[in-house]
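Asks: next come a sequence and a model predicted from it.
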Amino acid sequence: MSTRLNDSILIRWLRGILTNKKALAGSFLVLSFIFIAFVGPFFTYDPNAFLDTPLSPPTFTHWFGTTGQGQDVLAQTISGARQTLLIGFCTGFFVVVIGALIGGISGYYGGRVDDILSMVINVFLVMPGLPLMVILASWLPPGPLTLMGVLVLTGWAWNARVIRSQMMALRGRDFVSAAIVSGERNIRIIVIEIMPRMLSLLASSFIGASIYAISAQVGLEFLGLGDVSTVTWGTNLYWASNDLALLTGSWWTFVPTGLSIAFVSFGLTMINFGIDEVTNPRLISERNWRKLLPKGKMNDGITPVVINHD
Amino acid sequence: MTDILLSIRNLDVEYITPGDPVCAVKNVSFDIARGEIFGLVGESGSGKSTVVQAILRTLPPPAIITGGEILLNGKDILSMSDREVKKFRWQEISIVMQSAMNALNPVIPIRKQISDVLYTHKGYSREKAHQRIKELFDLVDIHYDRMDSYPHELSGGMRQRIVLAIALALMPPLIIMDEPTTALDVIVEREILFKVLELRKELGFTILFITHDLNLLLEFTDRVGVMLKGELVESDEAVRINSGGQHPYTKKLIGALPSATGPRRKDLLPRPEQFKIGEKPLIEIHNLNKKFHLSGFIRPKMLHAVKDVSFNIYPGEIVSLVGESGSGKSTIARLIARLIPPTSGTIILDGIDIFKSEPRSASLNYRRKVQMVFQDPFGSLNSVHTVFHHLARPIIRHRLIPQAELYKYIIDMLETVGLSPGSLFADKFPHEMSGGERQRVAIARALSLQPELIVADEPTSMLDVSIRMHILQILANLRGEKNVAVLFITHDLASARYLADRIIVLKNGSQVEHGNSEELIQSPQHTYTKQLIAAASPGWLKKNLLKTNENRDSK
């Protein structure tokens, strides 16, 4: 029995991403952060230990300087990446899975099922997310799982809505009817036949949700609503602000963490652009052919004539 | 030929890609004389529409014109400046496009859409434009109180006539018609073409007519050009093409399609009568009704799509449902395939009333016995899975064949529908196959469950002319070899005649006529069937044109 994976849509798609400059740059950025987060803490100082004079600017022993508690900022930034990225990507994953499940079922079955699930989705959509997040985070015992739960609860509905409408569009296609006629079970049709067709949507939803989770998480922790005893990018900023970093002019306590957040989000956004271009070839081809045309031969509603273009 | 209106010389069009440019049109040359109707025929992808768009210079990026000349009245369109091109479009050449619904703006009344053209190009005042629109409506036989209608308030035929009126608005010497009637039903199609011929007699414009339907062209045009893969392989008088043509491809096109009238051709498909048909009905359909809810909650507006349709299909028989779009034939297909529930009625399969025994959804047993082939082979296969997956899934689901024999069985199935070697096709993805190959895969999938009835919903209408007959041939063979009954749904009377034992004619959801294929074609009873057959017979246009001329003369 042979099944060919080579040239399946997933492989074609990955190949596209690997040749897309934006996606490559973004992946490189994000992957290097993940790598540093994973390996880095084995090589740095203990991020919680008192090491040197508090608030000393960058030196050769402490590349990014020290905090108000005399901790190494480099070690804190690297250890912080671990939990922040882990929670960020896990939240992104669960947001997409729950969104796909509820949105997918709602869009596929339609009728009464859709009425009820749509209502649930709408309730979560109109609930003010930020205040709810703040209240839940301060009321529940602090910890990474709490944070994840709060972020998933306030974040899944938008994804569910998007996936629901995509599902409704694909639901009416003939390939779905053909699967029904051949006796296929509904859940199998959803997961095996339809979901792969939404791959690009799911992937970009995951990335979007991860960006949301990282920034929301940092925001909550900055407000002191996370577990302040752990080291994350959010608590780094929380302590920097507590130690009056701005007043004392000790920029090195918050700039590394801030830049890391910005770079990761930037990298993820670049990947998203890349996915967009790969799955929607029009975006990229327009730019390509513009480059290939001789100067002054643009198509402004009138097809250019290029004789002897060799 | 003395007075040449449009002359195309060595036209080349390429699509820019990051790699090598793709040639869409290669070295195409032809002339159109003033007052003539020139037809361009070819399958999808042959470049006929590209030629048209090159003439108007409306080719979208990444296309560029890389060589040649397009002379209209001696002036080269390709060397014009952008401003000149904009002025000359519509003044000198106008176009009637395939889909009138897309060509018209749905949120603007028709009057405004025509007066826009008059205002932009001629600077007409309101009153003057109004006067002109009235004239144009008269020309295309639409009463001018429809002027303020929106496009959706008109029928498909009326919309296409409005588009024709817009094309005529500035009286350009050349009108291009790009598949203007493909989306219309046969009877309406003939009416529109008839109107065009009349108008041409009156106003004397020249027409460049594009279609994939060679039979239509031969009847309608003076000269015909045949395109294949971006090249013009033949161009000659329509009469001479009709008697055979020179190029093998033209010959293939001419011989490809059966006609609804005249004596039956022996070489195309085996006569239906020679097959054995079972005694006891396989499936009985009684008073099937389907109403769709359109809008409104308290006082709902309903569409009665299928009205009291009853018929039987016997084992090994091919029954054809013939009707125009909106006649309810696809709804009947979906009802029988149990994709949608009926409003009322019964379907009895093997003596069991299935809506009583399986009210919610069809049982696996029913699914195995009744399979469906869909119209669009691009939509009915899932682009993320291989052919193997498409064929294996139903078999695994129904536990029809032990796992060990599955692969061999699938290869056999593929070879049954003419995809050999089967092992090569089993590994392909839908996008790696042509439309005809995909439709064969869809048939193989339906067949793999060894069904007793295959519902085929317009299986050939999306395919190119030259492969339609192959698909019909496969269906005809199946009933002989596997004794499968087929419900063949089509709008094309000719293919129904050649393939089916019986024909049921539908109109607006009701059965209007039902009978043996040849008898029904030779001696139709109902007026609607007569109209359908008349519209499908060759020479219809010219006959009618002569008739109206005589009427006019006698007045």
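Replies: Cool, got the structure.
Asks: any stretches of the stretch 201-350 of chain B with poor pLDDT?
Replies: Within the stretch 201-350 of chain B, the ranges that satisfy pLDDT under 70 run B:256-257, B:262, B:266-267.
Asks: may I see the buried residues of stretch A:152-165?
Replies: Neighbour-count burial for stretch A:152-165, with 16 or more other CB atoms under 10 Å in any protein chain shown as criterion, is recorded at A:152-164. (Glycine included, C-beta is placed from N, CA and C.)
Asks: among those, which one sits closest to residue A:58?
Replies: residue A:155 (36.6 Å; CB to CB).
Asks: how near is that closest one to residue B:378?
Replies: Distance from residue A:155 to residue B:378, counting by CB to CB, to the nearest Å: 36 Å.
Asks: burial measure for the residue in the stretch 401-550 of chain B that chain A sits nearest to, as a count.
Replies: Per CB to the nearest CB, residue B:427 is where the stretch 401-550 of chain B lies closest to chain A, at 4.6 Å. Around residue B:427 there are 15 other residues, counting by other CB atoms under 10 Å in any protein chain shown.
Asks: kindly state the beta-bridge partners for residue B:228.
Replies: residue B:231 (DSSP bridges).
Asks: burial of residue B:361, as a residue count?
Replies: Residue B:361, neighbours per other CB under 10 Å, totals 12.
Asks: tell me the contacts of the residue nearest to it when sequence neighbours are not counted?
Replies: Among residues not flanking residue B:361 along the chain, residue B:338 sits closest, at 7.1 Å (CB to CB, 6 or more residues apart in numbering or on different chains). For residue B:338, the contacting residues are A:181, B:354, B:361-362, B:366-367, B:370, by CB atoms under 8 Å, 6 or more residues apart in numbering or on different chains.
Asks: so which of those comes closest to residue A:87?
Replies: residue B:361 (42.7 Å).
Asks: for that closest one, give me the pLDDT.
Replies: Residue B:361 is assigned a predicted lDDT (pLDDT) of 79.
Asks: so it sits in a helix?
Replies: No - Residue B:361 is assigned coil when assessed by DSSP: H, G, I helix; E, B strand; the rest coil, not a helix.
Asks: re the thing from before, from the buried residues of stretch A:152-165, which is closest to chain B?
Replies: For these, the nearest to chain B is residue A:163 (16.7 Å; CB to the nearest CB).
Asks: remind me which helix or strand the closest one belongs to.
Replies: Assigned by DSSP states H and E, residue A:163 belongs to helix A:144-171.
Asks: which strands and helices sit next to that helix?
Replies: Applying 3 or more CB pairs under 8 Å, 6 or more residues apart in numbering or on different chains; DSSP states H and E, one finds that helix A:144-171 contacts helix A:73-109, helix A:111-126, helix A:129-139, helix A:199-222.
Asks: distance from the first one to the middle of the chain?
Replies: This means helix A:73-109. 7 Å (CA atoms, centre = their mean, to the nearest Å).
Asks: does chain B sit close to that helix?
Replies: No - under the criterion of CB under 8 Å from any CB of the partner chain, helix A:73-109 makes no contact with chain B; the nearest approach is 12.0 Å.
Asks: got the angle between that helix and helix A:144-171?
Replies: Here helix A:73-109 runs at an angle of 40 degrees relative to helix A:144-171 (axes from the mean of the first three to the mean of the last three CA atoms, to 10 degrees).
Asks: so which bits of stretch B:72-90 are buried?
Replies: For stretch B:72-90, by 16+ other CB under 10 Å, it's B:72, B:77-78, B:80, B:85-86, B:88-90.
Asks: contacts with chain A among those residues, please.
Replies: B:78, B:85-86.
Asks: CA atoms of stretch B:347-357 as PDB?
Replies: The C-alpha trace of stretch B:347-357 is given here as PDB (Å, rounded to 0.1, in the frame of the first residue of the first chain):
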ATOM      1  CA  ILE B 347     -38.700   6.600  -1.800                       C
ATOM      2  CA  ILE B 348     -38.900   2.800  -1.800                       C
ATOM      3  CA  LEU B 349     -35.700   0.900  -2.200                       C
ATOM      4  CA  ASP B 350     -35.900  -2.900  -2.500                       C
ATOM      5  CA  GLY B 351     -39.400  -2.800  -1.200                       C
ATOM      6  CA  ILE B 352     -38.600  -0.700   1.900                       C
ATOM      7  CA  ASP B 353     -39.900   2.800   2.500                       C
ATOM      8  CA  ILE B 354     -36.700   4.400   3.500                       C
ATOM      9  CA  PHE B 355     -38.000   7.600   5.000                       C
ATOM     10  CA  LYS B 356     -40.100   5.500   7.400                       C
ATOM     11  CA  SER B 357     -37.300   3.100   8.300                       C
END
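Asks: for residue B:8, grab phi and psi.
Replies: phi -110, psi 130 (degrees, to the nearest 10).
Asks: ditto for the one 5 residues further on
Replies: For residue B:13, the backbone dihedrals (degrees, to the nearest 10) come out as phi -130, psi 130.
Asks: show me the contacts for it.
Replies: By CB under 8 Å, 6+ apart, the contact set of residue B:13 is B:23-25, B:47, B:50-51, B:54, B:59, B:63-66.
Asks: try residue B:223
Replies: Residue B:223 makes contacts with B:32, B:36-39, B:235-238, as judged by CB under 8 Å, 6+ apart.
Asks: repeat that for 10 Å
Replies: Residues counted as contacts of residue B:223 (CB atoms under 10 Å, 6 or more residues apart in numbering or on different chains) are B:1, B:30-33, B:36-40, B:217, B:235-241.
Asks: would you mind confirming that residue B:138 is in contact with residue B:168?
Replies: No - if you go by CB atoms under 10 Å, residue B:138 and residue B:168 don't touch, sitting 11.1 Å apart.
Asks: which of these two has more neighbours?
Replies: Per other CB under 10 Å, whichever of residue B:138 and residue B:168 has more neighbours is residue B:168, with 20 against 12.
Asks: about what we covered before: and the angle for the helix holding residue A:163 with helix A:111-126?
Replies: Going by the same axes, to 10 degrees, helix A:144-171 makes 140 degrees with helix A:111-126.
Asks: please pull up the helix or strand immediately following helix A:144-171.
Replies: Past helix A:144-171, the next helix or strand by DSSP H and E is helix A:174-181.
Asks: next one: that next one, is it in contact with chain B?
Replies: Yes - using CB under 10 Å from any CB of the partner chain, helix A:174-181 reaches chain B at A:174-181.
Asks: returning to that earlier point: could I get the helices and strands packed on helix A:144-171 as JSON lines with mean neighbour count and mean pLDDT?
Replies: Shown next, in JSON lines, are the helices and strands packed on helix A:144-171 (neighbours: other CB atoms under 10 Å in any protein chain shown; pLDDT from 0 to 100):
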{"stretch": "helix A:73-109", "mean neighbour count": "23", "mean pLDDT": "90"}
{"stretch": "helix A:111-126", "mean neighbour count": "13", "mean pLDDT": "91"}
{"stretch": "helix A:129-139", "mean neighbour count": "15", "mean pLDDT": "82"}
{"stretch": "helix A:199-222", "mean neighbour count": "21", "mean pLDDT": "88"}
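Asks: okay, now the unreliable bits of the stretch 151-300 of chain A?
Replies: Ranges of the stretch 151-300 of chain A meeting pLDDT under 70: A:280-300.
Asks: mind running it again at 80?
Replies: Where the stretch 151-300 of chain A drops to pLDDT under 80, the residues are A:226-228, A:243-247, A:249-250, A:253, A:277-300.
Asks: OK, contacts around the closest residue to residue A:210 other than its chain neighbours?
Replies: The spatially closest residue to residue A:210, leaving aside those adjacent along the chain, is residue A:92, at 3.3 Å (CB to CB, 6+ apart). Residue A:92 sits next to A:151-152, A:155, A:159, A:205-214, A:268 when contact means CB under 10 Å, 6+ apart.
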